[in-house]
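Novice: I would like the atomic coordinates for the input below:
(one chain, ligands or ions: 1)
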Amino acid sequence: MRIDILTLFPGMFTGPLTESILARAQEKELLDIRFHDLRKFGLGAYHQVDDSPYGGGAGMVMRADVIVPAIEAVMNEGMGGKEGEKGNKGNKRNRGKPWRIYFSPRGKKLKQAEVERLAKRDWIILLCGHYEGIDQRIIDGGWIDEEVSIGDYVLTGGELPAMVLIDAVARQIPGVLGKDESAAEESFSASLGRKKEYPHYTRPEEFEGLKVPDVLLSGNHGEIEKWRREQLGGRSRA
Ligand code: ADE
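Specialist: Sure, this is the predicted structure:
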């Protein structure tokens, strides 16, 4: 899967994307993550990316005439250039249209079912907004396919939501998790009825007077399975 991230703060992604499972996924070329600094598309000597809102009010709004050229540049590069443009023959990595996501608290709440749906895509573009948001015409004009929220709280920008989405989506891509880290039977998976997972225990058998449930030590797989089903937490609410 190719993921293009449009952001003013590419440095924020160091750590989450350069360690552990996500680093390994990129080494294995299961994930191809590319950064695009929105400042490079800024206007004038100061590379301005935002402006004050029409109608007044606090904060700044990211400009459509900065964001749209940035989205289009990434799309044109990935799709092998504009039709009729010279020099694009032989670009073997041409792809279909990307799915373009903008992060905002107004968006559709990210749930495991959405994560699984997104993991089937070949190419996504993530637009990370800052300040008060982006000019609505970027959305109304069809440059964004989906607005996504990661919860009912307000963050300083779309970078943390982008990292959350990438982490959740990446672990659904075949080969990203090792065989000991399977994503099949876990919280919110379809196989567990989208419920929360059962609790886990490991050695020692007794810790500070707290014992591992007998059934898990019984070796009776039928009983263990039954116990685990009984432990599943309720379905997450909207
Ligand atoms: N940007 C700011 N807050 C956000 C949230 N909760 N989800 C997605 N994007 C955001």
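
Novice: Quick one: residues in contact with the longest strand along the chain.
Specialist: The longest strand of the chain (DSSP state E) is strand 99-109. The list of residues contacting strand 99-109 from outside it, by CB atoms under 8 Å, 6 or more residues apart in numbering, reads 71, 114, 118, 121, 123-129, 133-134, 138-139, 143-155, 158, 161-162, 165, 238. For every residue, glycine as well, the C-beta is placed using N, CA and C.

Novice: host element of the residue nearest to the spatial centre of the chain?
Specialist: For the chain, Leu165 is the residue whose C-alpha lies nearest the centre (CA atoms, centre = their mean; 1.9 Å). According to DSSP states H and E, Leu165 maps onto helix 159-170.

Novice: and the angle for that helix with strand 99-109?
Specialist: Inter-element angle recorded for helix 159-170 and strand 99-109: 100 degrees (by axes from the mean of the first three to the mean of the last three CA atoms, to 10 degrees).

Novice: On the C-terminal side of helix 159-170, identify the next helix or strand.
Specialist: Next along from helix 159-170, by DSSP H and E: strand 195-196.

Novice: now Leu6: how far from the ligand?
Specialist: Leu6 is 14 Å from the ligand, where distance means CB to the nearest ligand atom, to the nearest Å.

Novice: wait, Glu19
Specialist: According to CB to the nearest ligand atom, Glu19 stands 23 Å off from the ligand.

Novice: And the longest helix along the chain, what does it pack against?
Specialist: Ordering each helix of the chain by length in residues (DSSP state H) puts helix 64-78 first. Applying 3 or more CB pairs under 8 Å, 6 or more residues apart in numbering; DSSP states H and E, one finds that helix 64-78 contacts strand 2-7, strand 32-37, strand 123-127, helix 136-140.

Novice: Quick check: residues of the protein near the ligand?
Specialist: 103-105, 149-151, 153-155, 158, 161 (CB under 6 Å from any ligand atom).

Novice: For Lys97, give me its contacts.
Specialist: Applying CB under 8 Å, 6+ apart, the residues near Lys97 are 75, 79, 123.

Novice: Got the domain ranges for the chain?
Specialist: Per automatic domain parsing, the structural domains of the chain span 2-170, 198-238.

Novice: Surely Leu38 touches Pro10?
Specialist: No - with contact defined as CB atoms under 8 Å, Leu38 does not reach Pro10; the gap is 9.3 Å.
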